[in-house]
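Asker: Dropping the sequence and predicted coords here.
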Amino acid sequence: MALWKESPTPSSTPTSSGATTNPIGATPSADRPTPSADRPTPSAERPTPSADRAVAERAASEAAARRAAPRAAEGGESVIAANLSIEGKIEGKGNVRIAGRFKGDVRIDGNFNIESGAQLTGQVLAGIVVVGGELQGNIESAKRVDVLEGGVIVGDVKAGSITVAAGSRMRGHVEFGWEDEKALKIASSSSSGG
């Protein structure tokens, strides 16, 4: 006894023109659902053209903003936020900006910025140093130092050039405009010994 009803498989039948017809490819009858009836239509699966356009415009504007932003030195820019207090050492390539409190030495191949309200206790070795907050320590061998209005330096400064704004304060020894003696010694020893 069979539990299912077997029906004969339709076969291809020749037509008068010699071509064959296949009932499988024929139009489905009203009592039989089409194979695509259970699937959503392609238009329901795809976002509308206006949504595609909005996504493309947003991606283009983000890319333009990235291109327009000034590029930081190799390694990018690191930021210590205003609500952070950190103790340690900063070394490496890239720019560093401090808005909070940091205790330790900073030795970077890039620019260093102490924002207004920030505090740093330690030595600084960087290309360009901008002091808008408070630095208690020495600045060594910088190309340029800018002390902004409200900026405070308690320590010695040795730089190629220095700019001091009205309203800033400093206590310490300052040398600027002189070539670095260490660099001169290295250059003269390599040229005479090489």
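Answerer: Arrived safely, thanks for sending. Numbering: from 1, shown residues only.
Asker: Helix or strand: which one has the spatially closest residue to Gly160 that is not a sequence neighbour?
Answerer: Using C-beta to C-beta, 6 or more residues apart in numbering and skipping residues adjacent in sequence, the residue nearest Gly160 is Lys143, 4.8 Å away. Bear in mind the C-beta positions are built from the backbone N, C-alpha and C, glycine included. When elements are defined using DSSP states H and E, Lys143 is found to belong to strand 139-147.
Asker: Toward the C-terminus from that strand, list the very next helix or strand.
Answerer: Tracing the chain C-terminally past strand 139-147 and defining elements by DSSP H and E, one meets strand 152-154 next.
Asker: partner strands of that next one, parallel or antiparallel?
Answerer: On the basis of DSSP bridges, the sheet neighbours of strand 152-154 come out as strand 134-136 (parallel), strand 169-171 (parallel).
Asker: Just say which of those is most tucked in.
Answerer: A comparison of the strands paired with strand 152-154 by mean neighbour count, using mean count of other C-beta atoms under 10 Å, puts strand 134-136 on top with a mean of 21.
Asker: rewinding a little: nearest to Ala126, of the strands paired with strand 152-154?
Answerer: In terms of C-beta to C-beta, the element of the strands paired with strand 152-154 nearest to Ala126 is strand 134-136, at 11.5 Å.
Asker: re earlier: report all helices and strands that the strand holding Lys143 contacts.
Answerer: Contacts defined by 3 or more C-beta pairs under 8 Å, 6 or more residues apart in numbering; DSSP states H and E place strand 139-147 against strand 124-125, strand 128-131, strand 157-164.
Asker: Mind putting the strands paired with strand 152-154 into a markdown table with mean pLDDT?
Answerer: Supplementary listing: the strands paired with strand 152-154 in a markdown table, determined by pLDDT from 0 to 100:
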| stretch | mean pLDDT |
| --- | --- |
| strand 134-136 | 97 |
| strand 169-171 | 96 |
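Asker: pLDDT weak spots in the chain?
Answerer: For the chain, applying pLDDT under 70 flags the ranges 1-51, 53-75, 179-194.
Asker: For it, which segments are assigned as helices?
Answerer: In the chain, the helices defined using DSSP state H lie at 42-45, 49-68, 181-193.
Asker: Neighbours of Val130, how many?
Answerer: A count of neighbours around Val130, defined by other C-beta atoms under 10 Å, yields 19.
Asker: May I ask you to confirm that it is in contact with Leu120?
Answerer: No - at 11.8 Å, Val130 does not count as touching Leu120 under the criterion of C-beta atoms under 8 Å.
Asker: Could you name every residue contacting both of those two?
Answerer: Overlap between the neighbourhoods of Val130 and Leu120 consists of Ile114, taking contacts as C-beta atoms under 8 Å, 6 or more residues apart in numbering.
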